[in-house]
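Q: quick one: sequence and predicted model below, then my questions.
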Amino acid sequence: MKFVKSLMVVGLLAATVFAQSKAPTETAMSRFLRYIKIDTQAVEEAGKVPSSDKQLVLARLLETELKALGVQNVRMSEFGIVYGMVPGNLSDNSKVPTIGFIAHMDTSPAVSGTNVNAIIHKNYQGGDIVLPNDKTQVITVEKNPALKGLIGDDIITADGTTLLGSDDKSGIAEIMTMIDTLKENPSIKHGNIAVAFTPDEEVGGGIDKFDVKGFGAKYAYTVDGGELGEISDETWTAKTATVTFRGMSTHPGYAKNILINSSFAAADFLSRFNDPKIPRPETTEGRVGFVHPYNSTLDIETSVVRVLLRNFDMSGVDEQEKMIRAMLDETKKKFPNVGAEMEVRVGYLNMKEELRKFPQLVEYASDAAKRANVTPKMKPIRGGTDGARLTFMGLPTPNLFTGGHNFHGKLEWNSKKGLEKSTESLVNLVQIWAEKSK
C-alpha cells in the first residue's frame, strides 16, 4: 500500500511540475501547422536517399530550429538525416541512459502533399466533418469513434484535396516542442536526449542510412503512431514479392504467331487475388495478415506486379509466399508462352522479438501517458516503422502515439489535444527515465 501511495505521489508531482511549467516559445500546434505547408512527399523507386529533394527543405529548417533551441552537435548527413543532442541537466548524466526520439519528414506517395491547406474546426461539437474543398470527403464519427472524446477540442484536417501530413509532421512538432519545453523549464530533470529526423520512411531506405553509433542513444522511440495512448512494440514481419512477366513485342500488323502479350498473364495473375479466400487489406483486421498487390505496370514485352506480404510471424509470411507462388504456377500453366519469375525480399521483421528483452521501454512510456491523463493501450502496428529496422540495427525502438488518424489519405486528421497530450507525454517520459535510473 505504501508503494502504491508513493507511486501516486510521484505521478501527482510530475503532473504538477508540467502544469506549473513555463509554456514553450511555440506550441506544438503552431509548429505542426508550419511544417505541413512544406511538401515532403517521398517518391517510390527513386534509387536515392532522400527520394525527393524537397524533403531537404524541411531538413534544413529543422537543423536551423534545433540550433536556435540550443541543441548540441546539430548536423545534417549527406542523406538528409538531421541529428542533435539535448544535454541532460542532472548532476551526473552518465547515470541515465541517453534516450532517443525520432520522427520522419516525408509524407506518403499515395496522396499529394502539395499546397496543404489546413482547416481548423474550432470547438468541435460532434457530428461528421465534411471537408470544404471536396465535399465527398467526409470524416464520419462512425469510422472515427475517437471524435466522441474530443468534444470542445480543435480538430485539424486538410481541405479534402490533399493529405494533412500528420504522418509524421505531428511527431516532429511534438519532439521540437518537447525540446522547447525543457529549455524553458530547467527544473524538469532529464538525462541526455538524442533527436533525429529522417527521410523516406514511407518508401523505405532512409533508415538504412541511419548512423546508430553517431546518434548516441542506448534506447529510442519513434514518435510516429496514431490515436492518443497507442504504444506499439510489435510490427508486421514484411516481405515484398516482385513478379515479372515477359512476352514478345512486334509490329501489330504482322504479329500473327509472333506477338506474346505479357499483360494478359499479369492480368490473370492479378485476378486471382479477387478470390474471397485470399486475405487482403480490405478484408482483414487485428492480427490477421494479408497479401496486397499494390503496384503494377502492364506492357506487351514486360509486365510487373508487386505484392506486399504481411504477417506478425515469419511462418505466416512464408505461407503467404507459398500461396503466391502457387497462384503464379496456375497462371504459368494458362500462359505457357509467357516467361514468369518471382523475386521476394524481406523488408523488416517483427520488432517484438527484440523488444521483449527491454520491457522498461514500454513500461515507462505507459507511465508517461498516464501522467498526462492519457490511457495507454498496447496496439500492434499493422505496418512498419523505422523503429523496426533500428531495433534490429542494435537500437531498441518502440513506437509512440502522436494523436493522428487516417494516415496516407485525404481524411487524415489530428487535434489540438492530440498534439499537446503527446508532447506532454514525451516530457513526462524523459523525467521518468531520470527518476528510474537514479
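A: Noted; the coordinates are in hand.
Q: SS state for residue 421?
A: Secondary structure, DSSP: H, G, I helix; E, B strand; the rest coil: residue 421 is helix.
Q: start at 683, not 1
A: I'll keep to 683 as the first residue from here, and by that count the last item is residue 1103.
Q: for this structure, which spans come out with low pLDDT?
A: 683-702 (pLDDT under 70).
Q: which ones are touching the residue nearest the centre of it?
A: What sits nearest the mean C-alpha location of the chain, by Cα atoms, centre = their mean, is residue 906, with 4.4 Å. Residue 906 makes contacts with 784-786, 849-850, 853, 883, 1067-1069, 1081-1082, 1084, as judged by Cβ atoms under 8 Å, 6 or more residues apart in numbering. Where C-beta positions appear, they are placed from N, C-alpha and C, glycine not excepted.
Q: just give the nearest non-adjacent residue to it, would you?
A: Distances taken as Cβ to Cβ, 6 or more residues apart in numbering put residue 850 closest to residue 906, at 4.7 Å, once the chain neighbours are dropped.
Q: cool, residue 1086 as well?
A: residue 848 (3.7 Å).
Q: for stretch 832-843, buried residues please.
A: Within stretch 832-843, the residues that qualify as buried are 832, 835, 836, 837, 838, 839, 840, 841, 842, 843, counting by 16 or more other Cβ atoms under 10 Å.
Q: TSV for those residues, including secondary structure and distance to residue 862?
A: Below are these laid out as TSV (DSSP: H, G, I helix; E, B strand; the rest coil; distance: Cβ to Cβ, whole Å):
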residue	secondary structure	distance to residue 862
832	helix	24
835	coil	22
836	coil	20
837	strand	24
838	strand	20
839	strand	25
840	coil	25
841	coil	29
842	coil	32
843	coil	32
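Q: and which of these is nearest to residue 1088?
A: Sorting the buried residues of stretch 832-843 by how near they are to residue 1088, with Cβ to Cβ, puts residue 839 at the top with 9.2 Å.
Q: give me the distance between the closest one and residue 803.
A: Using Cβ to Cβ, to the nearest Å, residue 839 is found at 7 Å from residue 803.
Q: need the residues touching each of those two.
A: residue 811.
Q: where does residue 1029 land in three-state SS?
A: In three-state terms, and counting by three-state DSSP, residue 1029 is strand.
Q: my read: it touches residue 1074, true?
A: No: with contact defined as Cβ atoms under 8 Å, residue 1029 and residue 1074 do not form a contacting pair (11.5 Å).
Q: ok, back up a step: and which of the buried residues of stretch 832-843 is nearest to residue 994?
A: residue 832 (30.3 Å).
Q: is it true that that closest one touches residue 1097?
A: Yes: counting by Cβ under 8 Å, residue 1097 is a contact partner of residue 832 at 5.4 Å.
Q: what is in contact with those two at once?
A: residue 806.
Q: tally of neighbours for residue 711?
A: By the criterion of other Cβ atoms under 10 Å, residue 711 has 23 neighbours.
Q: that one - that's part of a helix, no?
A: Yes: membership of residue 711 in a helix is supported by three-state DSSP.
Q: residue 747 versus that one, what's the distance?
A: Taking Cβ to Cβ, one finds residue 711 at 16 Å from residue 747.
Q: what sits against the residue located most distally from the centre of the chain?
A: Outermost residue of the chain with respect to the C-alpha centroid, by Cα atoms, centre = their mean, is residue 936; its distance is 51.7 Å. Neighbouring residues of residue 936 by Cβ under 8 Å, 6+ apart: there are none.
Q: one more: residue 740?
A: Counted by Cβ under 8 Å, 6+ apart, residue 740 has contacts 717, 720, 722, 787, 854, 879.
Q: neighbour count, distance to residue 864 and secondary structure added to these, as a markdown table?
A: Listed next are these as a markdown table, based on neighbours: other Cβ atoms under 10 Å; distance: Cβ to Cβ, whole Å; DSSP: H, G, I helix; E, B strand; the rest coil:
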| residue | neighbour count | distance to residue 864 | secondary structure |
| --- | --- | --- | --- |
| 717 | 21 | 20 | helix |
| 720 | 18 | 25 | coil |
| 722 | 25 | 26 | coil |
| 787 | 31 | 22 | coil |
| 854 | 29 | 16 | helix |
| 879 | 28 | 17 | strand |
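Q: make TSV from those residues and add distance to residue 958 to it.
A: Output for the contacts of residue 740, formatted as TSV (distance: Cβ to Cβ, whole Å):
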residue	distance to residue 958
717	42
720	43
722	39
787	40
854	41
879	43
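Q: quick one: the helices in the stretch 783-932 of the chain, in order.
A: Along the stretch 783-932 of the chain, the segments classed as helices by DSSP state H, counting those that start in this stretch run 848-866, 894-897.
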